[in-house]
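Asks: 3D model of this:
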Amino acid sequence: MSKVKLSSEAKAWILYDGGNSAFATTVIAAFFPIFFNDFWASGLEAEVKTAYLGWGLTISNLVLLFTSPFIGSLTDVSRTTKILFTGFGAISIISVAVLYFIPAGSWLQALIFFGIANYCFAAGNTLYDKMLVQVSDESNVAKISSYGFAFGYLGGGLLFLINAAMTIKPEFFGLSSVADAVRWSFLSVSVWWTLFLIPILLKIQDRGINLPGSHFKLAYSKVFNTLRTVSSKKNVFIFLLAFFLYIDGVHTIMAMAADFALNLGLPSSDVIIALILVQFVAFPTTLLWSKFAYKFGDKNTLLFTIFLYLIVIAYSAFLSNAIEFYVLASMVGAIQGGIQSISRSYYATLIPQNESGEYFGFYNMFGRAGAFMGPALVAIFVTFFQDTRYGLIPIAALFIMGAIILLKVKSTHESLQS
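Replies: Below is the predicted model of the structure:
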C-alpha cells in the first residue's frame, strides 16, 4: 500500500480538506454557537437563543437535504463540477468573512450569513466527494479518502489551536478583547480556506460528459428516475440504509459531547481543549484506519469501528469527572475519522462511476437526513426517563441496526464471486 504513488490531483484533493475543515471546527463546532449566544443574541432569553440557532441550522440542512442529489446530478449531465464547487466554496468563504462585520445584537444577520455559509460548505462537499472517484481507483480509494479526513483534522485543528489561543490571550495577539479575537477568527477561517482552495483549482480539471439540451431538466428527471430505481441497485440501497443509521449515531455523539461536558460542570475553555484533543488524535488514527481497511477490507473495518463506538457509549454511561471526559474525547477522535473516511471510500466502490455526482448527492442526503433523527430520539428518551444516561440507548440502537444491515452489503469482490 505504501508504494502507491499519489497523483498531483490526489494531493490537491487531500490538501483541500485541511482548509474547509477549519470552518467545521472553528465556526460550526466552537465559536459561532458561543458568539451567537454571548454577542449577537445577547439581549434575548436563553430559550429563544437556542430556538433561533436551532431553526437556523435546521433550515440550512433541510435545504441541502432536498437539493444535494440535484446538485450532483447536474454535474453528471454537464461539465460543471469544478465551476459549481468553486462557486459554493467562494460564497461560503465570503459569508464567513462577513461575520466579522456584523455588530452586536444583529442575530438575524448573523444567522442568515451563517446559514448560507453552512449550506454552501455542505453543498460543495457533495462535489468534493464526487471528485474522490476522479482522483483515485479501487486500489487506493480508501487511502486517499482517509488522507483527506486526516489532513482535514490536522489543518482544521491547527487553525483552531491558533484561534483558541487568540481567545485565551487576546492581548498577546494585539487584540483588545475576546470578542475581537472571535471576530478575527472568522476572518482567519476565510483566508485559510482560500489558501487551501487554490491547489485544487489549479490541479484538478473538469471531466465528464456534456449532454445536449436543458441541463436543469435533465438533472431533475435523472434524480427522479434514480429515486424510482435505486431500490433495484440493491447493494447501494442497502449500504445507504446502513449508513443512514450508524452515521446518525456518529453525528449524535458529536452533538452530545458539549452537553456531557456541561453536565460535568466543565467551563467553555475546557470544552475547547477537548475539541482540540479530538482533532489531533483523529489525524494519525485516521491514517491508520486506511491501512487497516487495506488489510481487512472496508466493510470489516466499518463493522469494527461500529463495535468500538458501542464501547464508547458504554463508557459514557459512567462518566463522572473532567479527566474521564478527555479520555472520551480521545476515544471519539480515534474512531471518528475512520468511520467517516472508510464509509466514503467504500461507497465510492459500490456506485456507478459515471453517475458519481448524483450518487454522492444521495450519500450526503442520507447523511443529513440521519442527523435529525438521533437527537430527537435522545430527547424523547431523556424526557420519558428523566435521566440523561437513558439517551445513550437509542444511540446504541442506531449503531447496532446499522451494523446488522451493513452485514448484508456485498463488496465488489463478493458480488463477483456470487
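Asks: Check which helix or strand Ala396 maps to.
Replies: Applying DSSP states H and E as the criterion places Ala396 in helix 392-406.
Asks: what helices or strands is that helix leaning on?
Replies: Applying 3 or more Cβ pairs under 8 Å, 6 or more residues apart in numbering; DSSP states H and E, one finds that helix 392-406 contacts helix 234-263, helix 298-316, helix 356-385. C-betas here are computed from N, CA, C, even on glycine.
Asks: Contacts for the second one, please.
Replies: So that's helix 298-316. Residues outside helix 298-316 that contact it (Cβ atoms under 8 Å, 6 or more residues apart in numbering): 142, 246, 249-250, 253, 260, 289, 292-293, 296, 327-328, 331-332, 334-335, 338-339, 342-343, 345-346, 349, 392, 395-396, 399-400, 402-403, 406-407, 409, 411.
Asks: Separate out the buried members of those residues.
Replies: 142, 246, 249-250, 253, 260, 289, 292-293, 328, 331-332, 334-335, 338-339, 342-343, 345-346, 349, 392, 395-396, 399-400, 402-403, 406, 409, 411 (16 or more other Cβ atoms under 10 Å).
Asks: Can you list the helices and strands that the longest helix along the chain packs against?
Replies: Using DSSP state H to define each element, the chain has its longest helix at helix 46-77. Counting contacts by 3+ Cβ pairs under 8 Å, 6+ apart, helix 46-77 packs against helix 81-98, helix 107-135, helix 215-229, helix 356-385.
Asks: rewinding a little: give me the mean pLDDT for the helix holding Ala396.
Replies: Averaging pLDDT along helix 392-406 gives 94.
Asks: likewise stretch 106-123?
Replies: pLDDT averaged over stretch 106-123 gives 94.
Asks: ditto for stretch 132-140
Replies: 86.
Asks: can you check stretch 281-301 too?
Replies: 93.
Asks: Number the residues from 26 up from this point.
Replies: Noted, 26 is the first residue going forward, which turns the last one into stretch 306-326.
Asks: List the buried residues for the longest helix of the chain?
Replies: 74, 77-78, 81-82, 85-86, 88-90, 92-102.
Asks: just to revisit the earlier point, now for the helices and strands packed on helix 71-102, which one comes closest to Ala267?
Replies: Nearest of the helices and strands packed on helix 71-102 to Ala267, taken as Cβ to Cβ: helix 381-410 at 9.7 Å.
Asks: Which other helices and strands does the closest one contact?
Replies: Applying 3+ Cβ pairs under 8 Å, 6+ apart, we find helix 381-410 packed against helix 71-102, helix 132-160, helix 240-254, helix 259-288, helix 347-375, helix 417-431.
Asks: rank the ones you listed by pLDDT, which is bottom?
Replies: For the helices and strands packed on helix 381-410, where the average pLDDT is lowest is helix 240-254, sitting at a mean of 74.
Asks: List of residues touching that one?
Replies: 94-95, 98-99, 101-103, 105, 236, 380, 383-384, 386-387.
Asks: Which of the helices and strands packed on helix 381-410 sits closest to Trp209?
Replies: Using Cβ to Cβ, these put helix 132-160 closest to Trp209, at 15.9 Å.
Asks: got the buried residues for the closest one?
Replies: Neighbour-count burial for helix 132-160 flags 132, 135-160 (criterion: 16+ other Cβ under 10 Å).
Asks: Also stretch 48-65?
Replies: Residues of stretch 48-65 classed as buried: 48-52, 54-62, 64-65 (neighbour count, 16+ other Cβ under 10 Å).
Asks: Which member of those is positioned nearest Ile298?
Replies: Of the buried residues of stretch 48-65, the one sitting nearest to Ile298 (Cβ to Cβ) turns out to be Ala55, at 11.0 Å.
Asks: which parts of stretch 106-117 are buried?
Replies: For stretch 106-117, burial by neighbour count (16+ other Cβ under 10 Å) applies to 106-107, 109-110, 113-114, 116-117.
Asks: What distance do you get for Lys316 to Pro309?
Replies: Using Cβ to Cβ, to the nearest Å, Lys316 is found at 11 Å from Pro309.
Asks: Please report the number of neighbouring residues for the closest residue to Ser368 other than its chain neighbours.
Replies: With sequence-adjacent residues excluded and distances taken as Cβ to Cβ, 6 or more residues apart in numbering, Ser368 is closest to Phe268, at 6.0 Å. Using other Cβ atoms under 10 Å, Phe268 has 24 neighbouring residues.
Asks: Correct me if wrong: Phe268 contacts Gly427.
Replies: Yes. If you go by Cβ atoms under 8 Å, Phe268 and Gly427 touch, sitting 7.3 Å apart.
Asks: how about TSV for the helices and strands packed on helix 71-102, with distance to Leu300 added?
Replies: TSV is the format used below for those (distance: least, Cβ to Cβ, whole Å):
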stretch	distance to Leu300
helix 106-123	18
helix 132-160	18
helix 240-254	36
helix 381-410	19
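Asks: Out of these, the one nearest Thr192 is which?
Replies: helix 106-123 (16.8 Å).
Asks: How about residues contacting the closest one?
Replies: 45, 48, 52, 96, 99-100, 138-139, 141-143, 145-146, 148-149, 152-153, 155-156, 211-212, 214-215, 218-219, 222, 226, 229-233, 382.
Asks: one step back: export the helix holding Ala421 as CSV, just CAs?
Replies: Extracted C-alpha coordinates of helix 417-431, given in CSV (Å, rounded to 0.1, in the frame of the first residue of the first chain):
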residue,chain,number,x,y,z
LEU,A,417,-27.5,6.6,25.2
ILE,A,418,-29.9,3.8,24.5
PRO,A,419,-31.2,5.0,21.1
ILE,A,420,-27.7,5.9,20.0
ALA,A,421,-26.5,2.4,20.7
ALA,A,422,-29.6,1.0,18.8
LEU,A,423,-28.7,3.1,15.7
PHE,A,424,-25.2,1.6,15.6
ILE,A,425,-26.5,-1.9,16.1
MET,A,426,-29.2,-1.7,13.5
GLY,A,427,-26.7,-0.1,11.1
ALA,A,428,-24.2,-2.9,11.6
ILE,A,429,-26.9,-5.6,11.0
ILE,A,430,-27.9,-4.0,7.7
LEU,A,431,-24.3,-3.4,6.7
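Asks: could you give the angle of it to helix 259-288?
Replies: For helix 417-431 against helix 259-288, the angle by axes from the mean of the first three to the mean of the last three Cα atoms, to 10 degrees is 160 degrees.
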